[in-house]
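*Asks:* Compute the structure for the input listed below.
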Amino acid sequence: MREAVTPHAPFFNRQALHLRPDPSRVVVRPFRPAVEPRDLNPVDKTRANHIVDRVLALGEDETLELLAATLRNFDDRHRNLPAIFERRAAEMEDALASHAAFSKAQRQLVGAYFLHEYSFEAAALFNPSIVLHPDQSGLAEDCGRFILSLRAVGEGHISSLTFRSGVLAADGTVFIDPPERLAGTPEVTARLGDHLELTFDPDSDIAERVIFPVTDMQANGIEDARFVAFRDEGRTTYYATYTAYSGRGIRSELLETSDFLSFRMAPLKGVAARNKGMALFPRKIGGRYAMIARHDNESLHLITSDTLYDWGLGEVIMKPKYPWEFVQIGNCGSPIELDEGWLLFTHGVGPVRHYSIGAVLLDKQDPSRVIARSREPLVQPEIAERQGYVPNVVYSCGGMKVGERILLPYAISDAFSTFATIKTARLLELLKD
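*Replies:* The predicted structure is shown next:
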């Protein structure tokens, strides 16, 4: 079957599949009366205690009736809501220490008063990244099951991380599993400063899981996660570099998981970590970790390190060269290992802040050496798709290879996401022309 083409993306087969934001999907978030929006931790204890006093003044029957009515109103929108109420009440212990012992119903009702629903993807669902799913059982040859991460944006332009799963079929068709109606955030099971461990309900589907900002540095967003399946000594660990945005400053951080159920978060250190857009290679190079970064705001750098958490300046390997990238270039996710070298998708910014996607092939043994590079954009905003939250943008946080194809998810106008495929051999021919 011959792959279709479009005028502005002549080498890619674009899928007729769009992932758009759904405002009906909500999570519950802490409600903190009279607290500055950017402050994630303190609570107005005086006002909080007034609310608790009013709850405790209710009779036993009134308490039970109000709790039952609250559960009827919201229970079909969340998984295990009583446990969420209990957990929120536990987080309020410092503010509520002056009160007498609570009954179970009072405790849950107090927790409910300090929560609110948040439509986490009401505004946008974009900047996707993709890795092969840990479970590839039951698939035909040249098919691949994947996990897709997406940046979700809701009220106040707060970014969080959400997931989907799907399959790339042997004929190049992409199928996305329908997202679950429910969604939820993980429990913080360990915390040491900005180093955290997050654990989701084991009964939840991956599409239910939402990683929402949990530290002051992340207060306004967890942005543009670039996932990679990292192989080391026969073991695969999934890492994602992402940008933590406080509303005042940014920092690169690292997310780690082996099962997409429990996650560890930690800040990155070093000069490169002060900027955004870091992408980890899927294995060590010459015994060292390797990263593609852009800490000068316009060029791509190769950085190596003995540790995953400290990254220096590295060396420049690519500068803006063609008109579609004169303003700046950046990576579109982690390099993909091929027999011929490291395939790296890039983005370039041209006139009127017009974003396009290209690609480069790096030497397998020495990734600082560019073997081939696209002269023209591979993907540009379609005329009919230039409108959106940020017009004239196409952007990806990572693709992957399945069989003889490359699958590239990408976002359009910072609003929604779609997919494109290309035969690996055809892409390599294009880069070498």
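*Asks:* Show me the shaky parts of the stretch 151-300 of the chain.
*Replies:* Within the stretch 151-300 of the chain, no range satisfies pLDDT under 70.
*Asks:* what about the nearest residue to V379 once chain neighbours are set aside, how many neighbours?
*Replies:* Once flanking residues are discounted, V379 sits nearest to I357: 4.1 Å by CB to CB, 6 or more residues apart in numbering. Any C-beta I mention is one placed from the backbone N, CA and C, and that applies to glycine too. Applying other CB atoms under 10 Å, we find 24 residues neighbouring I357.
*Asks:* in the host helix or strand of I357, what's buried?
*Replies:* Assigned by DSSP states H and E, I357 falls within strand 354-362. Neighbour counts over strand 354-362 (16 or more other CB atoms under 10 Å) mark 354-362 as buried.
*Asks:* so where do the helices sit in the protein?
*Replies:* With helices called from DSSP state H, the chain shows them at 45-56, 60-74, 81-91, 93-96, 104-113, 424-432.
*Asks:* Do me a favour and average the pLDDT over the first one.
*Replies:* Going back to what we said before, that points to helix 45-56. Averaging pLDDT along helix 45-56 yields 86.
*Asks:* and it with helix 104-113, angle?
*Replies:* 140 degrees (axes from the mean of the first three to the mean of the last three CA atoms, to 10 degrees).
*Asks:* can you list the domain ranges for this structure.
*Replies:* Segmentation of the chain into domains, based on automatic domain parsing, reads 13-25+119-432, 27-118.
*Asks:* tell me the most buried of these?
*Replies:* domain 13-25+119-432 (a mean of 19; mean count of other CB atoms under 10 Å).
*Asks:* Just the pLDDT at the residue of the chain positioned farthest from its centre, thanks.
*Replies:* What lies farthest from the middle of the chain is G59; by CA atoms, centre = their mean that is 45.5 Å. pLDDT, G59: 96.
*Asks:* Could you pull up the residues touching the closest residue to A140 other than its chain neighbours?
*Replies:* Nearest residue to A140 in three dimensions, chain neighbours excluded: A170, at 6.0 Å (CB to CB, 6+ apart). Applying CB atoms under 8 Å, 6 or more residues apart in numbering to A170 gives the contacts 140-143, 403.
*Asks:* Distance of A170 relative to I336?
*Replies:* 19 Å (CB to CB, to the nearest Å).
*Asks:* How about R191?
*Replies:* For R191, the distance to I336 - CB to CB - is 35 Å.
*Asks:* ok, now D205?
*Replies:* D205 is 27 Å from I336, by CB to CB.
*Asks:* what's the answer for F230, then?
*Replies:* 13 Å.
*Asks:* what's the answer for T63, then?
*Replies:* 57 Å.
*Asks:* Likewise for R375?
*Replies:* 20 Å.
*Asks:* Quick check: phi and psi at the closest residue to H301 other than its chain neighbours.
*Replies:* Leaving out its chain neighbours, the residue that sits closest to H301 by CB to CB, 6+ apart is G314, at 4.3 Å. Main-chain dihedrals, G314, degrees, to the nearest 10: phi 70, psi -160.
*Asks:* G286 now?
*Replies:* Torsion angles, degrees, to the nearest 10, at G286: phi 60, psi 30.
*Asks:* Contacts only, for it.
*Replies:* T304 are the contacts of G286 under CB under 8 Å, 6+ apart.
*Asks:* what residues are up against F200?
*Replies:* Counted by CB under 8 Å, 6+ apart, F200 has contacts 184, 186-187, 208-209, 261-262.
*Asks:* ok, now with 6 Å
*Replies:* 186, 209, 261 (CB atoms under 6 Å, 6 or more residues apart in numbering).
*Asks:* Rebuild these as CSV, extending it with distance to F345.
*Replies:* CSV is the format used below for the contacts of F200 (distance: CB to CB, whole Å):
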residue, distance to F345
P186, 30
R209, 26
L261, 28
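*Asks:* Just the closest of those to C397, please.
*Replies:* Nearest to C397 among the contacts of F200: R209, at 17.5 Å, using CB to CB.
*Asks:* Leaving out the residues flanking it, which one is nearest to the closest one?
*Replies:* F200 (4.9 Å).
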